[in-house]
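[1] A predicted structure for the sequence below; I have some questions about it.
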Amino acid sequence: MRIFLTVNLAWNIVNFRMGIVRALLDAGHDVSVLAPGDGAGLAAVGVRHIPLEMDAKGLNPLSGVALTAQMTRYFRAERPDVVLSWTIKNNIFGAMAARRAGVPFIPNVSGLGTAFLSGGALQFVAQTLYRRAFRPLETVFFQNAEDRDLFTERRLVQAKQAQLLPGSGIDLTRFSSAPMPDTAPSFLMVARLLRDKGVVEFAEAAKNIRVRHPEATFKLLGALDADNRSAIPEALLREWEAEGIIDYLGTASDVRPHIAQAHCVVLPSYREGAPRTLIEAAAMGRPVIATDVPGCRAVVERGQTGLLCEVRSGESLADACAQFIDMPPEARAAMGRAGRARMESHYDEKIVVQAYLDAIDRALS
């Protein structure tokens with residue numbers, strides 16, 4: 001079969017979806033990725049990259065018209081047997097384009113986005129677009145039960161369409177368990193530098209904790225995203241660095257060495273689909289601290305694989321960090337082992353790959 005994958009940045013496929021790509025290639029299928037970006041890493045595994053012109057920011061219906069038309073042209077010209085999709089714009093406008101072209105389409109709702117959660121007219125537009133785009137589809141994947149239930153309750157999809165996945169799955173060989181470092185407590189946050197990810201709360205917690213535990217370190221790994229409406233200003237980041245409360249690590253093509261050097265991985269996000277950073281951390285045997293919100297609480301087993309804190313509260317996050325620091329080393333190690341075991345039983349990427357193969361069979365039948 002000819003199978004298209006579409007997403008808002010080709011990098012997303014290379015870093016998060018290669019398990020699915022490898023399974024499709026091993027089955028003898030022809031795989032192409034329709035996405036913005038340079039597609040580095042795709043050609044090396046035999047995947048064709050087709051550049052897609054799109055603005056990943058916002059949910060302007062007018063720009064969506066142009067994107068739908070562009071994707072329709074590609075689908076009609078290339079005639080893929082099925083299209084797999086991730087990220088908001090590709091899901092919505094790709095589904096509309098696939099319907100026009102008569103191509104089966106399988107989206108994955110990996111997060112709801114600011115537009116969906118903002119309330120008012122913007123939320124109404126987002127819900128209307130989702131309902132229209134997803135109505136004819138056989139399968140719509142969700143990464144946590146709360147997002148799935150929200151879509152079914154608001155009648156954006158029917159219950160029979162909605163299928164639950166354990167995030168994107170995780171390559172448990174690549175993200176293998178690593179021994180705890182023999183250093184002072186180190187907390188790592190891996191995320192784009194957005195307010196919605198809880199970066200401000202992370203800095204507030206770091207400032208609080210370092211008064212009581214000056215030996216503790218708080219490291220931040222992720223890209224500055226100046227174009228996003230909730231982006232952290234670079235001046236504020238430099239201020240945190242100057243105060244000595246945050247160590248900013250910039251970006252990295254491989255997060256594993258940074259996770260291995262941390263005792264605990266933190267994600268105080270306001271809402272998630274199935275947060276990759278928590279899944280990767282747990283797979284490597286690291287306890288996690290996250291907010292008690294949809295997505296995060298689906299991954300974290302409170303008190304067993306990590307700790308949960310209140311959303312939008314630097315004080316609550318600081319209390320959780322202090323609780324972690326007070327834990328004896330053997331308790332931290334046990335929490336890390338429990339996280340690894342949970343990833344092995346619930347989040348192995350083989351589960352996700354099989355779910356996609358089954359969904360493709362349903363779509364083509």
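    It's in.
[2] now the end-to-end length of stretch 317-334.
    End-to-end distance of stretch 317-334 (CA to CA, to the nearest Å): 21 Å.
[3] same thing with stretch 271-280?
    Per CA to CA, the first residue of stretch 271-280 is 18 Å away from its last.
[4] Which residues does it contact?
    By CB atoms under 8 Å, 6 or more residues apart in numbering, the residues outside stretch 271-280 that reach it are 16, 109-112, 117, 142-144, 147, 165-168, 170, 175, 190-191, 196, 255-256, 259, 265, 267, 269, 288, 290, 293-296, 298-300, 306, 343, 347. C-beta coordinates here come from the backbone N, C-alpha and C atoms, glycine included.
[5] thinking S63 is in contact with A56, fair?
    No: applying CB atoms under 8 Å as the test, S63 and A56 come out as separate, 10.5 Å apart.
[6] pLDDT score assigned to Y74?
    In this model, Y74 is scored at 98, pLDDT.
[7] Secondary structure element holding the closest residue to P107 other than its chain neighbours?
    Nearest residue to P107, sequence neighbours excluded (CB to CB, 6 or more residues apart in numbering): N91, at 3.9 Å. According to DSSP states H and E, N91 maps onto helix 88-101.
[8] Against which helices or strands is that helix packed?
    Other helices and strands packing on helix 88-101, by 3 or more CB pairs under 8 Å, 6 or more residues apart in numbering; DSSP states H and E, are helix 61-78, strand 82-86, strand 105-109, helix 113-117, helix 120-134.
[9] quick check: angle from the third one to helix 120-134?
    The reference is to strand 105-109. Counting by axes from the mean of the first three to the mean of the last three CA atoms, to 10 degrees, strand 105-109 lies at 150 degrees to helix 120-134.
[10] Just list the residues touching L357, thanks.
    L357 makes contacts with 23, 27, as judged by CB under 8 Å, 6+ apart.
[11] Any buried residues in the strand or helix carrying it, and which?
    According to DSSP H and E, L357 maps onto helix 349-364. By neighbour count on 16 or more other CB atoms under 10 Å, the buried set for helix 349-364 is 349, 352-353, 355-356, 359-360, 363.
[12] Please apply the same query to stretch 211-229.
    216-222, 224, 228.
[13] Let me see the domain layout of this structure.
    As given by automatic domain parsing, the domain ranges for the chain are 2-169+348-364, 186-346.
[14] Give me the secondary structure label for the residue nearest to D247 when sequence neighbours are not counted.
    Closest residue to D247 apart from its sequence neighbours, by CB to CB, 6+ apart: K219 at 4.6 Å. Assigned with DSSP: H, G, I helix; E, B strand; the rest coil, K219 falls in the strand class.
[15] so P181 touches C264, yeah?
    No: checked against CB under 8 Å, the pair P181 and C264 is beyond contact range at 11.0 Å.
[16] how about the residue nearest to A35 when sequence neighbours are not counted, phi and psi?
    Distances taken as CB to CB, 6+ apart put A10 closest to A35, at 4.3 Å, once the chain neighbours are dropped. The phi/psi pair for A10 (degrees, to the nearest 10) reads phi -60, psi -30.
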